[in-house]
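> just need the structure, nothing else, for what follows:
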Amino acid sequence: MKANETSAEALALGDTQTLPARAKVALHAALKTLARGDLAGSERELTVALALAPEHAEPHRLLGIVLLRAGQPAHACACFESALQRRPGDADLLTRLAQAQADSGDLAGAIATARALVASRADAAHVYFLAGLLDRHGESEAARDAAAQALALDPQHAKARLLHARCLFQCGELAVAQAQYRQLLDARRESAAAWHGLAELRTVRFDADDRAALTALARAASSPLERATVLHVLGRAQEDGGNYPAAFASFCAAAELERAAFPWQAAAFEKYVDELRDAFAGVEPVDGERGTEVIFIVGMPRSGSTVVEQILAAHSAVEGASELPDLQAVIQQESARRQAPLARWAPVASAADWRRLGEAYLLRTQRWRQHKPRCTDKMPGNWLFAAAALAMLPGARIVDCRRDALETCWSCFTQFFAPGLVPWSRTFADLAHYSRLCSRGGDELAARHPQRVRVQRYEALVDDPEAQIRALLEFCGLPFEPACLRPHEARRVVRTASAGQVRSPLLQGPSKAARYGVLLDPLRAALAVR
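Numbers count the residues shown, from 1 in each chain. Got it, this is the predicted structure:
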């Protein structure tokens with residue numbers, strides 16, 4: 001069930017026998033205007049219905065649907081809660097309330113509502129719904145168990161099996177995850193996603209049969225993005241077979257499809273980065289101890305950030321929270337409140353404003369510090385907002401991860417990210433441009449705040465791990481612990497594409513980019529431009 005659903009079944013009126021005749025007329029008119037996409041007209045009709053029948057559930061339910069479609073999930077929550085008061089335990093209303101809570105950023109509330117839903121009606125669909133919310137909330141182990149429960153109720157539930165496999169992967173159960181993905185492939189269910197899941201494990205070597213199956217699936221793909229997903233995996237499979245020209249062609253074909261769907265404007269992005277830099281030129285952090293419990297890990301994807309987090313999470317005082325949306329959410333909420341972008345309001349924000357925003361971030365992330373006093377926030381794209389993070393939390397530490405630019409950019413190019421998530425990674429020119437801006441921003445911030453920002457180079461880490469790990473811990477204000485020298489032994493959930501890799505010892509592997517030789521000369525040339 002989706003918030004923007006319009007099917008007759010989804011929007012069909014419930015029990016209206018006790019409604020006054022005029023209220024029924026208003027409800028039917030609201031449905032007609034909603035079917036035409038006229039949200040304002042539907043809201044007007046529902047306001048009439050509510051005035052005529054305020055104690056009936058149906059006007060509240062439909063108004064909640066309208067408000068959710070209008071992008072007002074918090075107001076939609078109030079409507080669904082009102083409807084539930086009049087129709088307690090209704091599965092449809094509980095589902096809709098949980099969706100609205102999730103859309104408004106209250107995932108904990110959505111999970112509580114979904115648990116109430118499952119308690120009243122524990123079928124596979126509702127348990128899967130709960131599992132998905134748990135996964136979004138970063139509760140991978142609970143999501144794994146809920147997905148397994150959904151499969152016990154319905155072994156043919158392909159999406160539940162897919163979610164179960166991904167959570168197993170995040171929890172380090174790689175062999176079981178592989179078996180689950182293969183089971184989906186054998187059943188020809190969710191095939192593109194299952195192949196992608198197998199590739200993400202990084203423990204599977206694809207053979208000739210796999211390459212043949214992937215080639216056929218790419219030809220038969222039902223959408224450009226599905227084809228792009230399969231082509232990424234086919235590129236990995238061709239790498240396993242040593243056919244690097246064919247792999248290169250597959251990755252390029254996938255990138256072309258993604259670029260068409262999600263274009264990126266390099267000049268506009270650079271303008272945005274420059275505006276942020278200028279906006280924070282005169283902003284100096286105050287209240288230096290606030291935020292000492294947080295370590296931000298930023299930089300390019302595929303730059304070793306997950307390894308750095310794994311090292312820190314091996315420490316007894318640090319919880320590895322993975323990629324958190326909270327910093328950007330706090331900034332976005334403040335921008336909405338001020339009706340202005342960050343670059344416009346940052347220069348005029350007061351110390352009290354920054355303190356308020358910092359406390360909001362700490363409140364949003366406090367669940368990650370329930371068992372350990374400190375946590376990491378490993379959202380790579382937060383390099384854009386690192387100056388804001390220091391203004392909000394001047395006691396925080398920021399680790400800016402760097403890796404050889406060619407290796408990093410090529411790894412980003414060959415990685416299938418969530419659609420639209422990293423649109424700058426689909427051409428060599430865009431990759432090089434983004435990489436330069438990211439490095440420049442990190443260098444400027446480290447120069448301004450050397451006690452708060454550390455540039456951590458991946459190559460130095462693997463060349464001399466003990467010295468680098470000791471220096472990293474000292475920078476973070478953490479006493480040395482030998483367990484940090486064995487990060488692959490840390491038992492924790494890892495919710496990134498590197499979840500399989502960080503469970504192996506820290507070693508300098510062979511250059512992947514070097515295998516492609518002159519094929520990557522255009523990327524080398526783009527990176528050389530200054």
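> list of residues touching stretch 313-328?
In this structure, residues lying in contact with stretch 313-328 by Cβ atoms under 8 Å, 6 or more residues apart in numbering are 138, 295-296, 309-310, 312, 361, 364-365, 368-369, 371-382, 385, 388-389, 473, 478, 481, 483-484, 486-487, 489-490, 492-496. C-betas here are computed from N, CA, C, even on glycine.
> which parts of it are buried?
313-315, 318-328 (16 or more other Cβ atoms under 10 Å).
> got the end-to-end distance for that stretch?
For stretch 313-328, the separation between the terminal residues is 23 Å (Cα to Cα, to the nearest Å).
> quick one: average pLDDT of it?
Confidence for stretch 313-328, expressed as mean pLDDT, is 94.
> repeat for stretch 142-156
On average, stretch 142-156 scores 96.
> give me the buried positions along that stretch.
So, applying 16+ other Cβ under 10 Å, buried residues of stretch 142-156: 142, 143, 144, 145, 146, 147, 148, 149, 150, 151, 153.
> assign a three-state SS to the first one, would you?
When you say that, I think you mean residue 142. Reduced to three states with DSSP: H, G, I helix; E, B strand; the rest coil, the structure at residue 142 is helix.
> picking that back up, okay, and which of the buried residues of stretch 142-156 map to strands?
Secondary structure assignment (DSSP state E) places none of those within strands.
> tabulate those residues in JSON lines, adding columns for distance to residue 337.
Rendered in JSON lines, the data for these read as follows (distance: Cβ to Cβ, whole Å):
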{"residue": "142", "distance to residue 337": "33"}
{"residue": "143", "distance to residue 337": "32"}
{"residue": "144", "distance to residue 337": "37"}
{"residue": "145", "distance to residue 337": "38"}
{"residue": "146", "distance to residue 337": "35"}
{"residue": "147", "distance to residue 337": "37"}
{"residue": "148", "distance to residue 337": "41"}
{"residue": "149", "distance to residue 337": "40"}
{"residue": "150", "distance to residue 337": "39"}
{"residue": "151", "distance to residue 337": "43"}
{"residue": "153", "distance to residue 337": "43"}
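> what's the closest of those to residue 421?
Closest approach between the buried residues of stretch 142-156 and residue 421, by Cβ to Cβ: residue 143, at 20.1 Å.
> quick one on the thing from earlier: for the buried residues of stretch 313-328, which one is nearest residue 452?
Taking Cβ to Cβ as the measure, residue 327 is the one of those closest to residue 452, at 15.1 Å.
> pull out the buried positions in the helix or strand where the closest one lies.
When elements are defined using DSSP states H and E, residue 327 is found to belong to helix 326-338. For helix 326-338, the neighbour count (16+ other Cβ under 10 Å) marks 326, 327, 328, 330, 331, 334, 335 as buried.
> try stretch 346-360
Along stretch 346-360, these residues count as buried under the neighbour rule (16+ other Cβ under 10 Å): 346, 349, 353, 354, 355, 357, 358, 360.
> list the contacts for the fourth one?
It refers to residue 354. By Cβ under 8 Å, 6+ apart, the contact set of residue 354 is 285, 286, 391, 392.
> could I get the helix or strand where it lies in PDB with only the CA atoms?
Taking DSSP H and E as the criterion, residue 354 maps to helix 351-364. Extracted in PDB, the C-alpha atoms of helix 351-364 (Å, rounded to 0.1, in the frame of the first residue of the first chain):
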ATOM      1  CA  ALA A 351      25.100  30.700  18.700                       C
ATOM      2  CA  ALA A 352      21.700  29.800  20.300                       C
ATOM      3  CA  ASP A 353      20.500  28.600  16.900                       C
ATOM      4  CA  TRP A 354      23.500  26.400  16.400                       C
ATOM      5  CA  ARG A 355      23.100  25.000  19.900                       C
ATOM      6  CA  ARG A 356      19.500  24.300  19.300                       C
ATOM      7  CA  LEU A 357      20.200  22.400  16.100                       C
ATOM      8  CA  GLY A 358      23.100  20.500  17.700                       C
ATOM      9  CA  GLU A 359      20.800  19.400  20.500                       C
ATOM     10  CA  ALA A 360      18.200  18.300  18.000                       C
ATOM     11  CA  TYR A 361      20.800  16.200  16.200                       C
ATOM     12  CA  LEU A 362      21.900  14.600  19.500                       C
ATOM     13  CA  LEU A 363      18.300  13.900  20.400                       C
ATOM     14  CA  ARG A 364      17.700  12.200  17.100                       C
END
